[in-house]
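Undergrad: Sharing a model prediction with you, sequence too.
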Amino acid sequence: MDSRGKFLEVIVNFKKNVSPPKWEFGYWGCLMDRWYEEGLPKKEYPHVPKRITTPSASIANKAWNSLRRGRLPKGIAVDGGGLYFPGNNFALDKDVMNTLDMDLGQILVNVNLLFCPMFDVEIVEEDEKKLIYIDIDGVKKVFLKESENYPSPITYPITDRQSWEYLKRDRLNLNNIKERFPKHWGSLLEKYKNRDYPLVLGGFPNGYFGMLSHLMGYENMFLNYYDNPALIHDVQKTFTNLWIAVYSEVLSQTDVDLFVFWEDMSAGKGPMISNSIIEEFMLPYYKKMTDFLRGKGIKAIFVDTDGYCMELIPLLMKGGITGLYPIEAGCGMDIVKIRKKYPKLQLMGGIPKYEIAFGPKRIDEILIPAKEVLKYGGYIPFGDHLISPGVSWNDFKYYRQTLNNILENIN
């Protein structure tokens with residue numbers, strides 16, 4: 001059975017006797033280079049995409065490609081299958097996948113969900129230590145070339161009602177939907193229709209916390225919930241209508257297997273917003289979007305959020321969400337408790353990534369909860385975010401081969 005078939009049988013149909021796809025969320029760039037030094041066969045070194053296509057695929061393109069050193073940036077993500085690709089101009093792994101007999105991963109429908117036209121990339125300042133630039137999302141960012149981590153925002157495109165009205169008028173027009181499709185859409189569509197992998201709709205920046213924080217910044221967003229709620233609602237309503245218009249066009253040309261809301265609305269100890277804020281500013285738009293998606297036959301609707309988010313689950317399900325990932329065990333998320341409390345919630349992730357570094361004995365222990373949850377169906381196990389740079393190739397290989405053996409012997 002191919003990767004798409006496994007995904008549908010396990011996640012959508014909750015088949016208990018089908019092996020889930022062998023995926024990882026992903027790996028840090030510096031970790032990949034460590035693994036190559038420690039014995040990972042280097043046949044198809046991950047490359048940083050050069051071409052800018054859409055905001056979903058190409059955010060941070062200028063930063064990653066400013067290094068020009070012939071190797072991966074240390075802080076870039078390398079997609080391992082459980083994280084949709086393309087996204088954030090991340091690289092795609094093939095060597096770990098082929099070496100450890102992993103499955104083809106999720107592919108994201110590459111369409112513009114943000115500003116159209118995109119902002120022109122503008123370099124504000126650049127030297128050997130840093131790059132300050134305006135990205136295609138209109139966010140002014142700084143990229144520190146020594147640390148090579150994801151670029152940090154400095155200023156945001158939505159600062160007040162006036163800036164929002166400008167963006168809404170000039171870059172969020174419903175009359176130019178077809179301009180939001182990349183020039184190579186025809187070739188993409190042909191691949192989508194003949195796929196053997198799960199096809200994903202949504203992703204960055206499609207979320208009702210993630211998108212606001214990305215375009216306003218956390219401080220302004222938190223203040224606007226109280227000081228300017230009408231602005232928040234107008235942003236949410238405008239993007240919901242835009243996304244539904246874009247998705248209607250996509251789904252008139254191809255079907256998809258999974259929808260992902262990108263949120264990242266939790267930290268290590270809990271959510272960054274209250275239940276009342278979620279009820280007022282997110283749930284109405286979740287419900288409108290999930291009603292639309294269910295009407296189009298989509299049966300897997302996930303939220304991607306990090307941190308401890310146990311108390312969010314009932315609210316998300318109330319909004320029509322059917323699944324959750326990456327379920328950060330390192331922040332206290334417990335996949336066994338989640339499965340017992342929410343037997344029909346679709347799950348991906350949940351294995352504490354940091355603890356893989358502790359060696360075989362601990363690896364055997366951290367796989368026990370995953371093995372338990374696999375008995376119920378509706379679960380794809382992998383690390384609860386990007387695998388830590390502290391994990392050796394030998395320890396990762398032991399972990400992954402052990403997990404693969406568990407998946408292959410489901411009955």
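TA: Alright, I've got the coordinates.
Undergrad: going forward, measure contacts between C-alpha atoms and count neighbours the same way
TA: OK.
Undergrad: and the residue nearest to residue 383 when sequence neighbours are not counted, what does it touch?
TA: Spatial nearest neighbour of residue 383, chain neighbours left out: residue 351 (4.6 Å); criterion: Cα to Cα, 6 or more residues apart in numbering. Shown in contact with residue 351 (Cα atoms under 8 Å, 6 or more residues apart in numbering): 328, 329, 366, 367, 370, 381, 382, 383, 384.
Undergrad: burial of residue 311, as a residue count?
TA: A total of 11 residues lie near residue 311 under the criterion other Cα atoms under 10 Å.
Undergrad: mind checking the SS state of it?
TA: Three-state call for residue 311 (DSSP: H, G, I helix; E, B strand; the rest coil): helix.
Undergrad: How about residue 147?
TA: Classification of residue 147 using three-state DSSP returns coil.
Undergrad: so what's it up against?
TA: Taking Cα under 8 Å, 6+ apart, we find residue 147 in contact with 74, 75.
Undergrad: Ok, residue 66 next?
TA: Residues near residue 66 by Cα under 8 Å, 6+ apart: residue 131.
Undergrad: In what element of secondary structure is it found?
TA: For residue 66, there is no host helix or strand (DSSP states H and E).
Undergrad: Let me know the distance separating it from residue 147.
TA: 13 Å (Cα to Cα, to the nearest Å).
Undergrad: same check, this time on residue 299
TA: 41 Å.
Undergrad: what do you get for residue 12?
TA: From residue 12 over to residue 147 the distance is 41 Å, taken as Cα to Cα.
Undergrad: Quick check: the closest residue to residue 374 other than its chain neighbours vs residue 402, distance?
TA: Excluding its sequence neighbours, the residue lying closest to residue 374 (Cα to Cα, 6+ apart) is residue 16, at 7.2 Å. Distance, residue 16 to residue 402, using Cα to Cα: 19 Å.
Undergrad: How about residue 293?
TA: Using Cα to Cα, residue 293 is found at 37 Å from residue 402.
Undergrad: Which one of these two is surrounded by more residues?
TA: The neighbour count for residue 293 versus residue 402, taken as other Cα under 10 Å, is higher for residue 293 (21 against 16).
Undergrad: ok, how many other residues are close to residue 3?
TA: Residue 3: 22 surrounding residues under other Cα under 10 Å.
Undergrad: residues contacting the closest residue to it other than its chain neighbours?
TA: Counting by Cα to Cα, 6+ apart, residue 197 is the residue found nearest to residue 3 once chain neighbours are left out, at 5.0 Å. Contacts for residue 197 (Cα under 8 Å, 6+ apart) come out as 2, 3, 4, 5, 104, 105, 106, 107.
Undergrad: Please apply the same query to residue 104.
TA: By Cα under 8 Å, 6+ apart, residue 104 lies in contact with 3, 23, 81, 97, 196, 197.
Undergrad: can you put these in TSV and add secondary structure?
TA: TSV is the format used below for these (three-state DSSP):
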residue	secondary structure
3	helix
23	coil
81	strand
97	helix
196	coil
197	coil
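Undergrad: quick one: which of the residues you listed is nearest to residue 125?
TA: For those, the minimum distance to residue 125 (Cα to Cα) is 35.5 Å, reached by residue 81.
Undergrad: which stretch of helix or strand covers the nearest residue to that closest one once chain neighbours are set aside?
TA: Leaving aside its sequence neighbours, residue 81 sits nearest to residue 105 (Cα to Cα, 6+ apart; 3.5 Å). Using DSSP H and E, residue 105 sits within no helix or strand.
Undergrad: Lovely, talk soon.
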